[in-house]
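Chemist: Just to be clear, the model below is a prediction. Sequence and coordinates:
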Amino acid sequence: MLEVRHLNKQYSSGLLKRQVVNPVQDISFQIEAGSTFGLMGNSGCGKTTLSRIILRLIPADSGQILFEGTDITKCSGKYLKTIRPKMQMIFQHPESSLNPLMNIKNNLLEPFKIHKLYDKERREEEIREKLALVGLPEGLLSHYPHEISGGEAQRVVIARALTMDVRFFVLDEPTSMLDVSVQAQIMNLFRDLQKRLGLTYLFISHDLEVVRWISTHIGFMNGGKLVEQGKTEEIIENPKIEFTKNFINSF
Ligand SMILES: Nc1ncnc2c1ncn2[C@@H]1O[C@H](COP(=O)(O)OP(=O)(O)OP(=O)(O)O)[C@@H](O)[C@H]1O
């Protein structure tokens, strides 16, 4: 589904003194269709930068991203327009992905309007079907984003992506702002949808237990480098390098 080869990204910043930061250094890994790659690492190690590069929200300095076999680092803007809707990032704050001035129904209808897809009946049928998939009642459609809970908002964002047939999700700490009980429900939803629809996830988190539960493969980042990766249980049971050992022991 996704293969990343030797990705690099460097920033230089600072007004008084130029400082160079390398949040992504020679990173390579693969995610098979229908599986989850859990990406772990301390704050500031480059996880978000890496995921934003993968989604082509920011350009890489060098390296390749193969999405379903196509190198999307090189493809034209026109082609990218056909690739982008197949990928979706889910953030910590789902409400930031919803338009606060529109009710939930109009938020869900928006992508159909943008992509000029389907007639009124088909759009409504799609919305009903996807709401049921994520476990939301139709009564929620008339509510505005500020009238629903964080867990419900996360379900709306997922339902909207599913109406566009997204199959690859970058989940960036998607449950860290939710109550523990709601967190478990949303994690179960991610796993259930993966089983039913064959979704592929890049799951970013600081929480080893959550990553262990959902990921088939796991990678540890430190200072912009992917320092260790492999099958989740193998790495957790038998980490090879000191950084990973310490990281795992800290839980
Ligand atoms: N646009 C930018 N310009 C300059 N430096 C940046 C920029 N974006 C990120 N950085 C730097 O790159 C490094 C990695 O940031 P990034 O947000 O990718 O880390 P992270 O692992 O996702 O952290 P967290 O877990 O806290 O979200 C940080 O030092 C950050 O300050």
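Modeler: Arrived safely.

Chemist: Would you agree Glu152 falls within a strand?
Modeler: No: counting by DSSP: H, G, I helix; E, B strand; the rest coil, Glu152 is located in no strand; its state is helix.

Chemist: can you tell me which residues contact Asp13?
Modeler: I think there's a mix-up here, since residue 13 is Ser and not Asp. If you count contacts by CB atoms under 8 Å, 6 or more residues apart in numbering, Ser13 has them with 19, 21. Where you see a C-beta, it was placed from the backbone N, CA and C, and this is true even at glycine.

Chemist: The residue nearest in space to the middle of the chain sits in which helix or strand?
Modeler: Centroid-nearest residue in the chain, with CA atoms, centre = their mean: Val170, separated by 1.3 Å. If you go by DSSP states H and E, Val170 is part of strand 168-172.

Chemist: Show me what that strand pairs with in its sheet, parallel or antiparallel.
Modeler: Strand 168-172 has the following strand partners under DSSP bridges: strand 87-90 (parallel), strand 200-205 (parallel).

Chemist: what distance separates the helix or strand following that strand from the centre of its chain?
Modeler: Later in the chain than strand 168-172, the nearest helix or strand by DSSP H and E is helix 180-197. Centroid separation for helix 180-197 versus its chain: 14 Å, with CA atoms, centre = their mean, to the nearest Å.

Chemist: Show me what helix 180-197 is packed up against.
Modeler: helix 150-163, strand 200-205, helix 208-214 (3 or more CB pairs under 8 Å, 6 or more residues apart in numbering; DSSP states H and E).

Chemist: The ligand: which of the ones you listed is closest?
Modeler: For the ligand, the closest of these is strand 200-205, at 7.1 Å, according to CB to the nearest ligand atom.

Chemist: Need the contact partners of that closest one.
Modeler: The list of residues contacting strand 200-205 from outside it, by CB under 8 Å, 6+ apart, reads 1-2, 31-40, 47-48, 51, 54, 167-174, 176, 190, 194, 211, 214-215.

Chemist: can you check stretch 87-103 too?
Modeler: Applying CB under 8 Å, 6+ apart, the external contacts of stretch 87-103 come out as 51-52, 54-55, 57, 67, 104, 106-107, 110, 141-146, 150, 153-154, 156-158, 161, 164, 166, 168-174, 176-177.

Chemist: which one is Asn106 nearest to, not counting chain neighbours?
Modeler: Nearest residue to Asn106 in three dimensions, chain neighbours excluded: Asn99, at 7.6 Å (CB to CB, 6 or more residues apart in numbering).

Chemist: Give me the residue ranges of the stretch 101-250 of the chain where confidence is low.
Modeler: Applying pLDDT under 70 to the stretch 101-250 of the chain flags no residue at all.

Chemist: Would the strand holding Val170 count as contacting the ligand?
Modeler: No: using CB under 6 Å from any ligand atom, strand 168-172 never reaches the ligand; the gap is at least 7.7 Å.

Chemist: Using PDB, list the CA coordinates for that strand.
Modeler: C-alpha atoms of strand 168-172 as PDB (Å, rounded to 0.1, in the frame of the first residue of the first chain):
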ATOM      1  CA  PHE A 168      -5.300   4.900   4.000                       C
ATOM      2  CA  PHE A 169      -5.400   6.900   7.300                       C
ATOM      3  CA  VAL A 170      -2.700   8.700   9.200                       C
ATOM      4  CA  LEU A 171      -4.000   8.600  12.800                       C
ATOM      5  CA  ASP A 172      -2.000  11.300  14.700                       C
END
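
Chemist: between that strand and helix 180-197, how many degrees?
Modeler: Calculated by axes from the mean of the first three to the mean of the last three CA atoms, to 10 degrees, strand 168-172 forms an angle of 170 degrees with helix 180-197.
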